[in-house]
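*Asks:* Sequence and computational prediction follow.
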Amino acid sequence: MLLSASFVPGKALFGAEWWQQARLSDAGGGTNCAVCTLGVTLLEQLSVIHDKPIEKVFDEICGYFPAEFQSICVYLVNTYGDELIAHIVKDESADDVCHNTGFCTLPTCRLFTETAPATLSQAPSFSVWSAAGPAKIASQLKAAAMQKKLQNLGLGETPWAWIEALIARFGTVHEPSEDVDNDLYSDQNTMRGAHWRGRDCDDLNSKRHAGVLQGSNPFIDENCNGIVGANGQGQSYETLLCGSSGQLGVIVVGDSGGAHFEIPPAYLNASAVTPTTYSNLLGNLLDEFDLPQLSGYTGYANTSEYSSSMYKYLRERNLCNHRDFQNCAVNGVRSSSMNGGIIQAIARNVTLDQPALLFFELIGNDICNPHPDINRMTTPAEFLANVLESLNYLDHQLPKGSHVVFIGLAPGAELWDLLNNRTHPIGATYREVYDFLNCLEISPCWMWMNSNATVREAGTTRANELNLIYPQIIANYTFNNFDMAYYAFPFADILAEWTAQGGEGWQLIEPIDGFHPNQIAHSLMADYYYKSLLRDHPSFLGPINPNNTQIAQLFGDQGGY
């Protein structure tokens, strides 16, 4: 392989456990082959769309990236550009370019097997790139100077050192990186900070954070909900307006479905790429390509009419719940890894905090992995043992009066039915994308993103078996500090709701990965869970606070987020 062994974008996207498995089994060039093929395809498409010579596209592309990434881009262009361009100008497809340059090593692993790939036959004429290379960004930098520049930028001795260190953190640390008082809350947004759990209103005092029981001083906002001070009689507003209101936080633990994984669709859509497309790349990376602030569980931000979340519903019922949310979901997690630091990242003290409504969602990774092997799925016995271990931990962490809602595994085989014949933003069909990733053994889900119906059905059968474990636990086990409920993953219900509004099923799936629920789906799922709990378990939602109007009048947005 031509790329450094430390080049690991897949780890950031699908999680440390997925990456560990993929590294053990990737074939035909693995991640490096996929990155080369997708990257060359995008560059060739940009050349055609903008009617520019390919060398000019290479010259300009690094300027599209934020400053933190430009040196890395320049390094790639300077190192591999000559060889790639030499093949691109021969009108080779991206598959041919990446096989002929050694990034891809297995002839059968090709992206464009049915769809005609983009080539440069319609691009403007130009001369072959000389061995000396084009006028690249920062081409005047010699090797030693570039190394010094990277070090000055905090990127380490190689272009990958900084990103590698950052991504390594994702696999092992699931707590805020900037947390001065070590209370698991932060006043910074990214890296498991305030996008993931309520903003810390005092990062120098570990006794002040969302969800904590309020102390006796009315002029200190210990629970960070923005309700502070006293009335003319010296009575605490917190006590008067929230004291007996039944405050309840929202927590989700689980996988990328709960974290709301999303690769921005424009990243691989040449017709949508502009000089600002990648401007938030660093922010996306620091949030592990997740959108917890828009998740159907913990979302607080508003981007469209489809922005519902369970946190918003509980806050609407009781404004004293302001900021009391935690998203502890991690990309790539399965039941066996929940107890390796995932649930331990929950910031809840059994005696010092308010109760919580906790969603336990593992929607796919006990079925999904990159291996072409049915036997890699979690067995029902393993699943039972893993979930019970998590619940026993939670019983010593969640305050009494909490609730745990299990969310079943998703009907993943429906992904194939909805998407396989549709066109991916990169220009191939989803069937081609799925088969390409499976051939390289780096697919996030070999079982369900698979053209073999028998394999897909085996995954669904096992998922149904694992889903039966949750009702068995509810029927046979009790815990001191929480009660439990179970809901099957509601894809059929939200699909019916969406189609009734005139939509189509594929519009509920993230377009780049063709695998995760998108923003519309997250919002519809939140609506479903709220209505279902209101019908079946209204106590899980806490009472409606009769003081909400007065709180809004006195404290406005309560400090925002």
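*Replies:* Cool, the structure landed. Numbering: from 1, shown residues only.

*Asks:* for this protein, longest helix please?
*Replies:* Ranked by residue count and defined by DSSP state H, the top helix of the chain is helix 67-88.

*Asks:* ok, for Arg169, nearest residue in space, not its chain neighbours?
*Replies:* Ser177 (7.2 Å; Cβ to Cβ, 6 or more residues apart in numbering). Any C-beta I mention is one placed from the backbone N, CA and C, and that applies to glycine too.

*Asks:* re the thing from before, please spell out which residues along the longest helix of the chain are buried.
*Replies:* 69-78, 80-88 (16 or more other Cβ atoms under 10 Å).

*Asks:* Can you name the residues that contact the residue nearest to Arg169?
*Replies:* For Ser177, the contacting residues are Arg169, Ser186, Gln188, Met191, Arg192, Gly193, by Cβ atoms under 8 Å, 6 or more residues apart in numbering.

*Asks:* pLDDT below threshold where in the chain?
*Replies:* Within the chain, the ranges that satisfy pLDDT under 70 run 1-26, 118-164.

*Asks:* now with 50?
*Replies:* 1-16, 18-25, 122-147, 149-150, 153-155, 159 (pLDDT under 50).

*Asks:* Tell me the one of the contacts of Ser177 nearest Ala266?
*Replies:* Met191 (23.6 Å; Cβ to Cβ).

*Asks:* Distance check, the closest residue to that closest one other than its chain neighbours against Glu432.
*Replies:* In this structure, Met191 finds its nearest non-sequential neighbour in Ser177, 4.0 Å apart by Cβ to Cβ, 6+ apart. Per Cβ to Cβ, to the nearest Å, Ser177 is found 38 Å from Glu432.

*Asks:* now do Leu240
*Replies:* 62 Å.

*Asks:* before we move on, back to that, sec struct for the residue nearest to Arg169, please.
*Replies:* Following DSSP: H, G, I helix; E, B strand; the rest coil, the label given to Ser177 is coil.

*Asks:* show me the contacts for the closest residue to His322 other than its chain neighbours.
*Replies:* The shortest distance from His322 to any non-neighbouring residue, by Cβ to Cβ, 6+ apart, is to Asn225 (4.1 Å). Each residue near Asn225 by Cβ under 8 Å, 6+ apart is listed here: Ala210, Cys242, Leu319, Cys320, Asn321, His322, Arg323, Asp324, Gln558.

*Asks:* redo that, cut-off 10 Å
*Replies:* 198, 201, 210-212, 214, 238, 242, 247, 315, 318-324, 551, 555, 558-559 (Cβ atoms under 10 Å, 6 or more residues apart in numbering).

*Asks:* any idea how far it lies from Gln501?
*Replies:* 35 Å.

*Asks:* go on, Ala347?
*Replies:* From Ala347 to Gln501 the distance is 38 Å (Cβ to Cβ).

*Asks:* Compare these two (neighbour count), which wins?
*Replies:* Neighbour count, other Cβ atoms under 10 Å: between Ala347 and Gln501, Ala347 has more, with 22 against 9.

*Asks:* Surely the more buried one touches His174?
*Replies:* No - counting by Cβ atoms under 10 Å, His174 is not a contact partner of Ala347; they are 11.3 Å apart.

*Asks:* what residues are shared contacts of these two?
*Replies:* Common neighbours of Ala347 and His174 (Cβ under 10 Å, 6+ apart) are Leu184, Cys328.

*Asks:* Run through the helices of the stretch 201-350 of the chain in chain order.
*Replies:* 237-242, 256-259, 281-286, 310-317 (DSSP state H, counting those that start in this stretch).

*Asks:* other SSEs contacting the shortest one?
*Replies:* Helix 256-259 sits against strand 249-254, strand 325-329, strand 356-361, helix 519-536, with contacts defined as 3 or more Cβ pairs under 10 Å, 6 or more residues apart in numbering; DSSP states H and E.
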